[in-house]
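Chemist: Next input, structure requested:
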Amino acid sequence: MHIAATILSILLALVGLGAGVPKVLLKGTSAELQSHMGLSTGLIRFIGLAEVAAAAGLVIGLFWPPLGIAAAIGFAVLLIGAAGYHAKAGDYADPKARLQAMAPIVVFLVAAATAVTLTLSATH
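Modeler: Sure thing, here's the model as predicted:
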């Protein structure tokens, strides 16, 4: 179980960095998030910082499992919020936006699986 927890943690940390760094720097999709979802630049930057913090927590969690578990759960909660914003924007009903809107749901499943495997790995 430890190998699965390590792989999932690293994968999720890479996703967190890849999604968070552009938001912190207000690059890439930040303008789209502002116009389409109505998010302020401050909120976008906060979300990016939360994603980067989750990535750091997941990496540190490889050595101190309670932090990794907390980071995976926190990332999962963040992704529930992202899915909610996509639903509010009507992205799940729009065939052109649906695929991109599914990303938070898929990553949520990975975050949940990471939290479970980290917990199981820490108890053995």
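Chemist: What segments of the chain are helices?
Modeler: With helices called from DSSP state H, the chain shows them at 2-24, 30-37, 41-60, 65-88, 95-122.
Chemist: Confidence-wise, which of those helices is weakest overall?
Modeler: For the helices of the chain, mean pLDDT drops lowest on helix 30-37, to a mean of 76.
Chemist: in stretch 103-116, what counts as buried?
Modeler: Using 16 or more other C-beta atoms under 10 Å as the test for burial, stretch 103-116 gives Pro104, Val107, Phe108, Val110, Ala111, Ala113, Thr114, Ala115, Val116. (C-beta placed from N, C-alpha, C; glycine too.)
Chemist: what's the farthest-apart pair in these?
Modeler: Using C-beta to C-beta, the pair of these lying farthest apart is Pro104 and Val116, separated by 18.5 Å.
Chemist: Against Gly57, how distant is the spatially most central residue of the chain?
Modeler: In the chain, the C-alpha nearest the mean C-alpha coordinate belongs to Phe75, at 4.6 Å (C-alpha atoms, centre = their mean). Distance, Phe75 to Gly57, by C-beta to C-beta, to the nearest Å: 8 Å.
Chemist: same deal with Ile69?
Modeler: Per C-beta to C-beta, Ile69 is found 9 Å from Gly57.
Chemist: and what of Ala5?
Modeler: Applying C-beta to C-beta, the value for Ala5 to Gly57 is 14 Å.
Chemist: Give the intersection of the neighbour lists for those two.
Modeler: Counting by C-beta atoms under 8 Å, 6 or more residues apart in numbering, the shared contacts of Ala5 and Gly57 are Gly68.
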